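In: Can you look at this prediction? I've put the sequence above it.
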2 protein chains.
Amino acid sequence: MKSMLHANEVRLPGWVYQACPPPSQLHRDRAAERQAQLTKPTGALGRLETLAIDLAGLQATDRPRAERASILIFAGDHGIVAQGVSAYPQEVTVAMMANFAAGGAAISVLARELNCRLEVIDAGSLAEVPLAGVVTDKPRAGTRDFSREPALNTEDVSFAFECGGRAVERAATHVPDLLILGEMGIGNTTASAAIAAALLAVPADAITGSGTGIDADGRKRKAAIIELALALHKLRSEEAKAETVLQYVGGLEVAALVGAIIAAAQRSLPVLVDGFIVSVSALAATRINPTCRPYLIFSHRSAEEGHRRVLEELQARPLLDLDLRLGEGSGAALALAIVRLACALHNNMATFSEAAVPDRGS
Amino acid sequence: MKSMLHANEVRLPGWVYQACPPPSQLHRDRAAERQAQLTKPTGALGRLETLAIDLAGLQATDRPRAERASILIFAGDHGIVAQGVSAYPQEVTVAMMANFAAGGAAISVLARELNCRLEVIDAGSLAEVPLAGVVTDKPRAGTRDFSREPALNTEDVSFAFECGGRAVERAATHVPDLLILGEMGIGNTTASAAIAAALLAVPADAITGSGTGIDADGRKRKAAIIELALALHKLRSEEAKAETVLQYVGGLEVAALVGAIIAAAQRSLPVLVDGFIVSVSALAATRINPTCRPYLIFSHRSAEEGHRRVLEELQARPLLDLDLRLGEGSGAALALAIVRLACALHNNMATFSEAAVPDRGS
């Protein structure tokens, strides 16, 4: 059936479908046991306890760590911007990549404060020449306008997955404890809303937000454009595969994120998932390779409409809820501070017997 | 009327009623203006933006800061524990004070990680001799069982307010950017629930939680004990003053917290408010001296029932919601990490013109 709908199926690289290692149940159990012995009522540190236990299982260690974190920001441009879906001009994508590299953007400031390595990858912007301080790794400059034609060729999608995989490989040489994934791309909330509406089989209107700040009429128009595009590309079938959705209405930075998520999980690297766009990428990643799911730590609930629906589908409860809607990995970087403190508490608190504090009767 | 209900009115020290300086509107305006020029869509950093603007106004500065934070933990014991309201034995209060000082408790770990000064104040525990590393500043050892008699004398309440004031004075010599207030005291969720039920004029059952972990029956009994005590002490009148409520069903560490909050605000020191008990103290503080309200930054929504009601009354939306119910200032310390990053973003991001990024059209 699917092949009749979409004749040229995307063939992703074979590694994409390889299983990720399951978390270590042994280390999860040991971490839970330790939490019960620390000088506090069991459960009193709430989600910090489950976070430490999750990390111990993912990292297969008795001392979960988040000190060494690498931030990867994938950028791309979007042909759909021609339809007036964004409050900002398209040049902003390239200008912001330069700003990331120069140290002036939110994520640059956070990376410095948190002492994280930051790599910016041009996964598909309109930049005609490589930017200083940016890794250029793209099959084409920007996507096509998906309201009129498929955003990408099948080869573009595969290339973008490899781009994500290569970025994780580079990051892995620095032996990080976890990865932070972020994005930049004027128009990419539109592409992400289209992907989410297709994958969740919900009306575009229920998932489309105001992005960087279009008004109510603009939002309605954006939703209508998405709905028409999903019909045009025959993505309103329940059988629409994530690979196909990414090709027809996706973005190069989004496909690169999907590849990076899967590649990280395959290396047992936990991923701090940022806001709406990275969460949509995470949804696509779990559709393509469900074994990556345990490695995803959701950092924040963004102010973007539709994020709630995507998180619900992933049964994810993010750590923070601060009305952020910036992207760039900024929410994930903020959450890193909390993850680090959760690890410090797990590793460094005294036990009841060490501190000679009476435990509750049982 | 009130004086007929409660013959010996509490006379708090005069300074308690002195007005706190209003935040600087000039610096708030300048901070808001700067936020609009930073390389991000206006509002995209959500609550981090309002946080930076609030701090700029409170600190009357163009560069809000949260680097230097002092943590003050007030501890006290509670006679009401005789009624079996807590899952832990009363000795835990003193043992945990020693644990704070020795570096093994959650707040000790957080203080080290966050590079904060930590002072533990015995504001009224049962400890018979001063503990090493703890400031002893108490009028009596523990409160009386408020289910049978007033928890405190009027002089005890005044002493506790002065204890809070003295702690802030000591902290101020270290020139902190803000204060973190926390508490420890087996039985103090019961005292705090009683205070909140009286101040909010709601049934004790609606405000009483499981504290450090009593079961459903225990919680019901705890609520019934509080309701009876409020009737016994004639605190079910709409005119019950916060001062009186603190005397009849309060705690020494709670009264010290109220004093510390007011003293900090009078010195223009922002206070990161921890969970249920510090929030109840904050509620009492705003009843006694409403001008302290702008200086309160609410750090987290605890898992303790009743906290929601108290936050609602204070029109407060905390920064974090991580199911914490530990106390010790632990939630406020976690939030400090976020406050610091909000300041770094405000102070260090590039503006649109500095970074030559095109702004949106208007």
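Out: Now that the structure is in, tell me what you want to look at. Numbering: from 1, shown residues only, chains lettered A, B, ... in the order given.
In: Give me the distance from the one helix or strand residue A:166 maps to to the chain's centre.
Out: Using DSSP states H and E, residue A:166 sits within helix A:154-172. If you compare the mean C-alpha spot of helix A:154-172 with that of the full chain, they lie 14 Å apart, counting by C-alpha atoms, centre = their mean, to the nearest Å.
In: Same check on stretch A:314-332?
Out: Its chain's average C-alpha position is 10 Å from that of stretch A:314-332, according to C-alpha atoms, centre = their mean.
In: May I have the distance across that stretch, first residue to last?
Out: 17 Å (C-alpha to C-alpha, to the nearest Å).
In: Would you mind listing the buried residues in it?
Out: Residues of stretch A:314-332 classed as buried by neighbour count (16 or more other C-beta atoms under 10 Å in any protein chain shown): A:314, A:316, A:318-332. For every residue, glycine as well, the C-beta is placed using N, CA and C.
In: Could you list which residues are in contact with residue A:285?
Out: Applying C-beta atoms under 8 Å, 6 or more residues apart in numbering or on different chains to residue A:285 gives the contacts A:258, A:261-262, A:265, A:292.
In: Tell me where the stretch 101-250 of chain A has helices.
Out: For the stretch 101-250 of chain A, applying DSSP state H, counting those that start in this stretch gives helices covering A:106-114, A:154-172, A:188-200, A:204-207, A:216-232, A:242-249.
In: Residue B:321 versus the spatially most central residue of chain A, what's the distance?
Out: Centroid check for chain A by C-alpha atoms, centre = their mean gives residue A:278 as the closest residue, at 2.7 Å. Look at residue A:278 and residue B:321: by C-beta to C-beta, to the nearest Å, they are 21 Å apart.
In: re earlier: could you pick out the buried ones from the contacts of residue A:285?
Out: Buried residues within the contacts of residue A:285, counting neighbours by 16+ other C-beta under 10 Å: A:258, A:261-262, A:265, A:292.
In: quick one: stretch A:201-217 to chain centroid distance?
Out: For stretch A:201-217, the distance to the chain centre is 19 Å (C-alpha atoms, centre = their mean).
In: quick one: the residue nearest to the centre of chain A from chain B, how far?
Out: Between residue A:278 and chain B the computed distance is 15 Å (C-beta to the nearest C-beta, to the nearest Å).
In: ok, now residue A:310?
Out: As judged by C-beta to the nearest C-beta, residue A:310 and chain B stand 18 Å apart.
In: list the contacts for the residue lying closest to that residue once chain neighbours are set aside?
Out: Closest residue to residue A:310 apart from its sequence neighbours, by C-beta to C-beta, 6 or more residues apart in numbering or on different chains: residue A:279 at 4.8 Å. Residue A:279 makes contact with A:273, A:298, A:307, A:310-311, A:314, A:316, according to C-beta under 8 Å, 6+ apart.
In: Kindly recompute the last result at 7 Å.
Out: For residue A:279, the contact set (C-beta atoms under 7 Å, 6 or more residues apart in numbering or on different chains) comprises A:273, A:298, A:307, A:310-311.
In: out of these, which is most surrounded?
Out: residue A:273 (32 neighbours; other C-beta atoms under 10 Å in any protein chain shown).
In: residues in contact with that one?
Out: Per C-beta under 7 Å, 6+ apart, neighbours of residue A:273: A:181, A:279, A:282, A:296-299, A:332.
In: related to what we said a few turns ago, inside helices: which ones of the contacts of residue A:279?
Out: Using DSSP state H, the members of the contacts of residue A:279 that fall in helices are A:307, A:310-311.
In: now the stretch 251-362 of chain A, which segments are flagged as low pLDDT?
Out: A:361-362 (pLDDT under 70).
In: at 50 instead, please
Out: A:362 (pLDDT under 50).
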